[in-house]
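Asker: this one's structure only:
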């Protein structure tokens with residue numbers, strides 16, 4: 001039997017090039033986000049540095065700031081999960097795997113903490129809050145999928161809600177953490193996971209989180 005291997009379509013090639021370009025633009029914007037934020041100016045400057053038109057850059061991020069911030073979150077998800085895959089967790093418990101993944105996710109934010117803070121200021125705005133919580137949900141879902149959790153039904157939802165609770169409370173702690181290598185954030189993650197395991201309940205006020213986030217991202 002002869003198998004014919006089709007060449008990648010032009011559309012697929014363009015999509016791949018656009019993805020690479022998006023990542024380069026996002027990283028350049030992130031480099032200066034502490035000063036310029038996720039702004040039109042930041043996107044224009046980054047496009048110029050890459051030698052492309054602002055119109056092309058804008059076509060990749062139509063809403064500019066919020067689209068840049070969302071892409072940054074997704075790229076950081078892929079960065080940490082790629083590193084997580086390289087770790088031998090065969091002797092880890094589920095909780096230990098989750099803790100390791102959470103620690104690595106926050107480590108991925110630490111190199112450009114100010115940029116991430118500016119992106120969170122966008123997600124604290126009422127118009128973008130749902131998109132922000134959806135990003136956190138997708139990150140937590142990614143962690144459970146990567147450790148090959150087999151839960152279903154009600155347990156599937158509660159595990160993700162529990163991790164969202166841990167992630168959001170850790171995020172607030174992380175922004176105020178000035179310890180070396182953010183070791184206090186790692187300790188906080190450990191405590192929060194232990195608390196949820198012992199209490200067996202979920203308790204997180206999202207509106208209270210948004211109010212606190214608006215203060216720490218000013």
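Answerer: Cool, the structure landed. Owing to the predicted nature of the structure, the values given are computational and were not obtained by experimental measurement.
Asker: In contact with the closest residue to residue 140 other than its chain neighbours, which residues are there?
Answerer: Using Cβ to Cβ, 6 or more residues apart in numbering and skipping the chain neighbours, the partner closest in space to residue 140 is residue 163 (3.9 Å). From N, CA and C alone the C-beta is placed, and that goes for glycine too. Counting by Cβ atoms under 8 Å, 6 or more residues apart in numbering, residue 163 touches 98, 102, 140, 143-144.
Asker: what do you get if the cut-off is 10 Å, keeping everything else the same?
Answerer: If you count contacts by Cβ atoms under 10 Å, 6 or more residues apart in numbering, residue 163 has them with 98, 101-102, 136-137, 139-141, 143-144, 192-193, 196.
Asker: what do you get for residue 130?
Answerer: residue 123.
Asker: per-residue pLDDT, it?
Answerer: Residue 130 carries a pLDDT score of 94 in this model.
Asker: low pLDDT regions in this structure?
Answerer: Scanning the chain for pLDDT under 70 picks out 1-15, 198-218.
Asker: ok so, going back, among the contacts of residue 163, which ones are buried?
Answerer: Neighbour-count burial (16 or more other Cβ atoms under 10 Å) is assigned, among the contacts of residue 163, to 98, 101-102, 136, 139-141, 143-144, 192-193, 196.
Asker: Just give me the neighbour total for residue 20.
Answerer: By other Cβ atoms under 10 Å, 10 other residues sit near residue 20.
Asker: Tell me which helix or strand it sits in.
Answerer: Using DSSP states H and E, residue 20 falls within helix 10-36.
Asker: Equivalent analysis for residue 75, please.
Answerer: Residue 75 belongs to helix 65-85, assigned by DSSP H and E.
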